[in-house]
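A.B. asks: Below: sequence and its predicted model.
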Amino acid sequence: MTLPLRVKITDVGPRDGLQNEKQPVPAAVKIELVHRLQAAGLKDIEVTSYVSPKWVPQMADNHEVMSGVQRQPGVRYSVLTPNLKGFEAALADRPDEIVVFGAASEAFSQKNINCSIAESIERFAPVVEAARAKGIYVRGAMSCAVGCPYEGEIAPERVGYLAGLMKGIGVQHVGVADTIGVGTPRKVQAAIEATLQHYDLNDVSGHFHDTYGQALANTLAALEMGVWQYDTSVAGLGGCPYAKGATGNVATEDVVYMLQGMGIETGIDLDQLIDAGAYVSEQLGRKTGSRVATALIAKRA
Ligand SMILES: CC(C)(COP(=O)([O-])OP(=O)([O-])OC[C@H]1O[C@@H](n2cnc3c(N)ncnc32)[C@H](O)[C@@H]1OP(=O)([O-])[O-])[C@@H](O)C(=O)NCCC(=O)NCCSC(=O)C[C@@](C)(O)CC(=O)[O-]
């Protein structure tokens, strides 16, 4: 398989990156982060989620954030919607894309969305139907595609099973998510291979957390299979509230640097991206999680 010439990156920092922050992050900071990401050339940004504020208090300002973003033409703004209640609330804020999120692990499905895998599909089906009827693109996230914090290793067949269920209800694209970052290249490839039994290569993305420092290697392994769409998080922000100890997604800066070095186009300005990451890191009062940003900021000084 030849490597893709162009990669599409969805920055999930404003949502996945910030959802687990213990301190309240003001909506104005989230909005400014989205503005800085789009200024850096990001064309796909996962902004927020319409979930229960009791479960994820940090995303309770979803409406304020979505309505505060000054949209740029050509940028797609996505949001998470776990059920019809969330979808209906999101509709008023005009997302371009919604994300239904399931898991390859039963235990994680229960902990994260309070239902079994089968029940989650029943909940998603009317959401998918309603979104598609309105011309809103539907992405599905498949958590724990390699490992689960409660069940341990997850067999590729279980990822394939979930992908088949997602396909069956009309989800247009699926992301293979290594939620707790335990994956290594061959295991990630096996999870993607199982997904490709149900989805076209153009409808599959990678979403790799960097907890064990494997995310860039896993990205390269997926690239070698021709996967050209990835979720990443500026400054490596993040973690899932229902996956204890899991760190953020692979840093967008690190992925962009790697791709640029390989001659693969992303349309993203690395300098401006580093500024966006420095902004949010400063607001959170911590160092960036990006190795590339750390190195290039030191070089600037
Ligand atoms: C899914 C539910 C809502 C089910 O939660 P539930 O308790 O089973 O839902 P329910 O229908 O029984 O409703 C219970 C209460 O929640 C309210 N409610 C119900 N739905 C909504 C909604 N959409 N928005 C706002 N409120 C809602 C509802 O109105 C009611 O309120 P009450 O009467 O008690 O005051 C809950 O489990 C939840 O919100 N979970 C949050 C899960 C989450 O956000 N996890 C993090 C994102 S996933 C992730 O990060 C992984 C990913 C995608 O990045 C990929 C990866 O790396 O793996």
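C.D. replies: That came through fine. Numbering: from 1, shown residues only.
A.B. asks: residues in contact with the closest residue to Ala107 other than its chain neighbours?
C.D. replies: Closest residue in space to Ala107, ignoring its immediate chain neighbours: Tyr150 at 3.6 Å, by Cβ to Cβ, 6 or more residues apart in numbering. For glycine as for every other residue, the C-beta is placed from the backbone atoms N, C-alpha and C. Counting by Cβ atoms under 8 Å, 6 or more residues apart in numbering, Tyr150 makes contact with Ser105, Ala107, Phe108, Lys111.
A.B. asks: So Tyr150: helix, strand or coil?
C.D. replies: coil (DSSP: H, G, I helix; E, B strand; the rest coil).
A.B. asks: quick one, helices of the chain?
C.D. replies: 27-39, 62-68, 84-91, 106-113, 117-133, 156-168, 185-195, 215-224, 252-261, 270-284, 291-300 (DSSP state H).
A.B. asks: May I see the buried residues of the first one?
C.D. replies: To tie it back to what came earlier, the one meant is helix 27-39. By neighbour count with 16 or more other Cβ atoms under 10 Å, helix 27-39 contains the buried residues Ala27, Val29, Lys30, Ile31, Glu32, Leu33, Val34, His35, Arg36, Leu37, Gln38.
A.B. asks: Name the surrounding residues that touch it.
C.D. replies: So helix 27-39 is contacted by 11, 13-14, 18, 45, 47-48, 61, 64-65, 68-70, 72, 75, 77, 234, 272-273, 275-276, 279-280, 283 (Cβ under 8 Å, 6+ apart).
A.B. asks: Quick one: distance of that helix to the chain centre.
C.D. replies: Helix 27-39 sits 17 Å away from the centroid of its parent chain (Cα atoms, centre = their mean, to the nearest Å).
A.B. asks: I'd like to check the angle between it and helix 252-261, please.
C.D. replies: Going by axes from the mean of the first three to the mean of the last three Cα atoms, to 10 degrees, helix 27-39 is angled at 0 degrees with respect to helix 252-261.
A.B. asks: For Ser281, list the residues it contacts.
C.D. replies: Ala235, Lys287, Thr288.
A.B. asks: Can you report phi and psi for the second one?
C.D. replies: Think Lys287. phi -80, psi 150 (degrees, to the nearest 10).
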